[in-house]
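Pasting the sequence and the predicted model now:
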Amino acid sequence: MTDGAGPDTIPTNLRLLLVLEEVARAGVPVTPTDVNAQLGLPKPTIHRLFATLEDECFLQRDIDGRAYSPGRRFRHMATGVLSSLRIRAARLAVLRKLSATVGETCNIALPDRESMIYLERIETEWPLRIHLPIGTAVPFYCTASGKMYLSTLPKSHLERYASSVTLSANTGNTITDSDTLIQAVATVRKNGYSIDDEEFMDGMIAAAVPILDSNRRLVATLSFHAPTIRFSVEKALEFLPALRSAAADLGSLLND
């Protein structure tokens, strides 16, 4: 039961918020029964709350038709919180420091329903740069940030994604086989970082690490990308300590 409250003591106008809180806390698609194990509301009530949140686009059904994950309005609300002025000023300071260290464009991206969305970026000072503005959506399967996110999914969800998504070949290096993608994501999970070796765009490499909340769950990714005329994958790996240190600093901002 949330904070020791029984179903009779939870105010009606608080129930929808507590459902959203439990969905966010879970970090994976959940069923009404999963959430109600914490809230203890009458079964018709919890299903009515989920139906309302789905109708209003705060929740959406997962691919299995039973579980729910954050919907468009819930994700936009979370992005707005992360973009608050106080947090953004500190976040940009971390990004600027990392960009100065690496010498390339650095990005923060959030997982959306079918792609990673760029939330923040600091551009390199090099005149030759790869322009992917804030708000750009990029696929999970062929980007460093996307594969980093996929590595945090339960095995069943990853397999379902890999078997259902269209693995279009952006470049000659793009992974277009579902089994190969699952193996690549397993390597990312083991290493704790992800590399895009000209998989999303010819002539571009990228490296990404997770930004974690206080429960050690991925809430966003931190990455940098660079043209191959300046960077190789080997050189990118040299900056992993700086990338991880910056990601830890960004994670601490979320938990303050």
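Perfect, thanks for sending it.

Check which residues of the helix or strand hosting Tyr161 are buried.
In the assignment (DSSP states H and E), Tyr161 maps to helix 155-164. In terms of neighbour count (16 or more other Cβ atoms under 10 Å), helix 155-164 has its buried residues at His157, Leu158, Tyr161, Ala162. C-beta here means a position set from N, CA and C on the backbone, and glycine is covered the same way.

a strand runs through Arg73, doesn't it?
No - applying DSSP: H, G, I helix; E, B strand; the rest coil, one finds Arg73 to be helix, outside a strand.

how far away is it from Gly103?
38 Å (Cβ to Cβ, to the nearest Å).

What helices and strands are in contact with the helix holding Tyr161?
If you count contacts as 3 or more Cβ pairs under 8 Å, 6 or more residues apart in numbering; DSSP states H and E, helix 155-164 packs onto helix 178-191.

Can you show me the CA trace of the helix it packs on as CSV?
Provided in CSV are the C-alpha atoms of helix 178-191 (Å, rounded to 0.1, in the frame of the first residue of the first chain):
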residue,chain,number,x,y,z
SER,A,178,16.8,-9.5,-35.5
ASP,A,179,19.0,-12.2,-34.0
THR,A,180,22.1,-10.1,-34.8
LEU,A,181,20.5,-7.1,-33.1
ILE,A,182,19.7,-9.1,-30.0
GLN,A,183,23.3,-10.3,-29.8
ALA,A,184,24.6,-6.7,-30.3
VAL,A,185,22.3,-5.4,-27.5
ALA,A,186,23.6,-8.2,-25.2
THR,A,187,27.1,-6.9,-25.8
VAL,A,188,26.0,-3.4,-24.9
ARG,A,189,24.4,-4.7,-21.7
LYS,A,190,27.6,-6.5,-20.8
ASN,A,191,29.9,-3.5,-21.6
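
between it and helix 155-164, how many degrees?
Counting by axes from the mean of the first three to the mean of the last three Cα atoms, to 10 degrees, helix 178-191 lies at 140 degrees to helix 155-164.

Quick check: which ranges of the stretch 151-256 of the chain have low pLDDT?
255-256 (pLDDT under 70).

now the strands for the stretch 51-200 of the chain?
Along the stretch 51-200 of the chain, counting by DSSP state E, counting those that start in this stretch, strands occupy 59-61, 68-70, 105-111, 115-122, 137-139, 194-197.

Check which strands are paired with the first one and give the direction for each one.
Meaning strand 59-61. Partner strands for strand 59-61, per DSSP bridges, with pairing direction: strand 68-70 (antiparallel).

And the partner strand, how far out from the chain middle?
14 Å (Cα atoms, centre = their mean, to the nearest Å).

got a list of contacts for it?
With contact meaning Cβ atoms under 8 Å, 6 or more residues apart in numbering, strand 68-70 is reached by 23-24, 28-32, 50, 53-54, 58-62, 78.

Tally up the residues packed near Asp213, please.
By other Cβ atoms under 10 Å, 15 other residues sit near Asp213.

same question, Glu234
Glu234: 8 surrounding residues under other Cβ under 10 Å.

How about the helix or strand containing it, which residues are buried there?
Using DSSP H and E, Glu234 sits in helix 233-237. Judged by neighbour count (16+ other Cβ under 10 Å), helix 233-237 contains these buried residues: Ala236.

Could you look up the next helix or strand downstream of it?
helix 240-255.

For stretch 46-62, which residues meet the burial criterion?
For stretch 46-62, by 16+ other Cβ under 10 Å, it's Ile46, Leu49, Phe50, Leu53, Phe58, Leu59, Gln60, Asp62.

returning to what we had before: now the helix holding Glu234 - C-alpha only, PDB.
Taking C-alpha atoms only, helix 233-237 is exported to PDB below (Å, rounded to 0.1, in the frame of the first residue of the first chain):
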ATOM      1  CA  VAL A 233      35.600   3.900 -32.700                       C
ATOM      2  CA  GLU A 234      38.900   3.300 -30.900                       C
ATOM      3  CA  LYS A 235      39.400   7.000 -30.200                       C
ATOM      4  CA  ALA A 236      35.800   7.200 -29.000                       C
ATOM      5  CA  LEU A 237      36.400   4.500 -26.400                       C
END
